[in-house]
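A.B. asks: any chance you can model this:
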Amino acid sequence: MKSGLRRDQARVAWLFSAPALVLISLFILLPFLMSLVYSFTDKMLVMRPGRSVEFTGLENFVKVFTNGTTRQSFINTGIYAVMVVPAVVVLGTILAVFVNRPLKSVKVFRAIYFSPQVVTMTVVAVVWSFIFSPGSTGIMNSLLGLFGVEPHTWLQDPDLALGCLAVMYIWQTLGLEMLIILGGLQYIPGELYEAAMLDGCGAVKRFWFVTVPLLRNTMVYVLVSVTINTLKLFTQVYVLTNGGPSNSTVSVVYQLYKVGFLNNQQGYSSAIAVVFFLIVLAISLLQNYLMREK
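C.D. replies: Numbers count the residues shown, from 1 in each chain. From the prediction side, this is the model:
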């Protein structure tokens, strides 16, 4: 009787999962398998008449690690992630703790912090292009000029451009991560904080020994999701810098797009995608391992 019930439950579960599984197979699994196959060939996006696809072995993967621009794209993406991920996690946690307090108009603060999230990255990039506009008329340069700071070229400066993109993304995504962490905070029982106060724990100790351990699952999700989204840097580069100046902002996804769609080298771009997928997978697994429950 129980085995029959379990079979019926399994059939219902597969039935309800079928639409999602079909979409995942068509738009995620199948394209990845095609990229894996193409990465070992000289496949072009638009094949020349009379030319057939040929097997090239590991040639495309060797090119991934030897091509200067592609190597720089991986370095830039890594630096960008190092700047963005800790800032989003730390600032998001601080803001979540702040708006979790029973303050007047706290809902207004939540709405203000979350509002940039409802704007698409393309619009955000256009708005921040005015903020980082070079010359004394730019918004950022005008504000700094009040303190006697000389104007900067910002997005045209190889030393500043990637940092400007990082600041822009932190501002745009911070509200969402704050909201997720806030949800985790509100599930922590208040009795635990009261017990900690009776034991003589100050605010810092309560946060470190009560809040942080009970936020572990939420923080794992936030850390992994922010890392993956950060590594997918593309829109800001496409709209604002096109990888410049001097390849200082070229990202892996932008390089993949440029090689595959502009240079017509689909086999090479597929190899970049496969290597990038393996790196992101390794980072995600490492994060889950380091933050596992002990």
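
A.B. asks: who's in contact with the residue nearest the centre of the chain?
C.D. replies: Residue closest to the average C-alpha location in the chain (CA atoms, centre = their mean): Asn229, at 1.8 Å. Neighbour list for Asn229: Thr173 [criterion: CB atoms under 8 Å, 6 or more residues apart in numbering]. (Each C-beta comes from the backbone N, C-alpha and C, glycine too.)

A.B. asks: now it: which helix or strand?
C.D. replies: Assigned by DSSP states H and E, Asn229 belongs to helix 216-231.

A.B. asks: returning to what we had before: ok, the residue nearest to the centre of the chain to Tyr113 distance?
C.D. replies: 18 Å (CB to CB, to the nearest Å).

A.B. asks: same question, Pro189
C.D. replies: 25 Å.

A.B. asks: is His152 in a helix, a strand, or coil?
C.D. replies: Secondary structure, DSSP: H, G, I helix; E, B strand; the rest coil: His152 is coil.

A.B. asks: so where do the helices sit in the stretch 101-250 of the chain?
C.D. replies: 106-114, 121-131, 139-145, 161-185, 190-198, 203-206, 212-214, 216-231, 235-236 (DSSP state H, counting those that start in this stretch).

A.B. asks: same list (the ones you listed) but as a markdown table, adding mean pLDDT.
C.D. replies: Shown next, in a markdown table, are the helices of the stretch 101-250 of the chain (pLDDT from 0 to 100):
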| stretch | mean pLDDT |
| --- | --- |
| helix 106-114 | 80 |
| helix 121-131 | 89 |
| helix 139-145 | 89 |
| helix 161-185 | 92 |
| helix 190-198 | 86 |
| helix 203-206 | 84 |
| helix 212-214 | 86 |
| helix 216-231 | 90 |
| helix 235-236 | 92 |
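
A.B. asks: which of the ones you listed sits closest to Phe16?
C.D. replies: Minimum separation from Phe16 across those (CB to CB) falls at helix 216-231, 23.5 Å.

A.B. asks: quick check: buried residues in that closest one?
C.D. replies: For helix 216-231, the neighbour count (16 or more other CB atoms under 10 Å) marks 218-220, 222-227, 229-231 as buried.

A.B. asks: chain center to it: distance?
C.D. replies: 8 Å (CA atoms, centre = their mean, to the nearest Å).

A.B. asks: on that earlier part again, which one's more surrounded, Pro189 and Tyr113?
C.D. replies: Neighbours per residue, other CB atoms under 10 Å: of Pro189 and Tyr113, the larger number sits with Tyr113, 21 against 10.

A.B. asks: including distance to Gly78, could the helices of the stretch 101-250 of the chain go into a markdown table?
C.D. replies: Listed next are the helices of the stretch 101-250 of the chain as a markdown table, based on distance: least, CB to CB, whole Å:
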| stretch | distance to Gly78 |
| --- | --- |
| helix 106-114 | 28 |
| helix 121-131 | 20 |
| helix 139-145 | 26 |
| helix 161-185 | 11 |
| helix 190-198 | 38 |
| helix 203-206 | 32 |
| helix 212-214 | 26 |
| helix 216-231 | 8 |
| helix 235-236 | 16 |
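
A.B. asks: quick one: contacts for the closest residue to Phe61 other than its chain neighbours?
C.D. replies: Spatial nearest neighbour of Phe61, excluding adjacent residues (CB to CB, 6 or more residues apart in numbering): Ala271 at 5.1 Å. Contacts for Ala271 (CB under 8 Å, 6+ apart) come out as 39, 60-61, 63-64.
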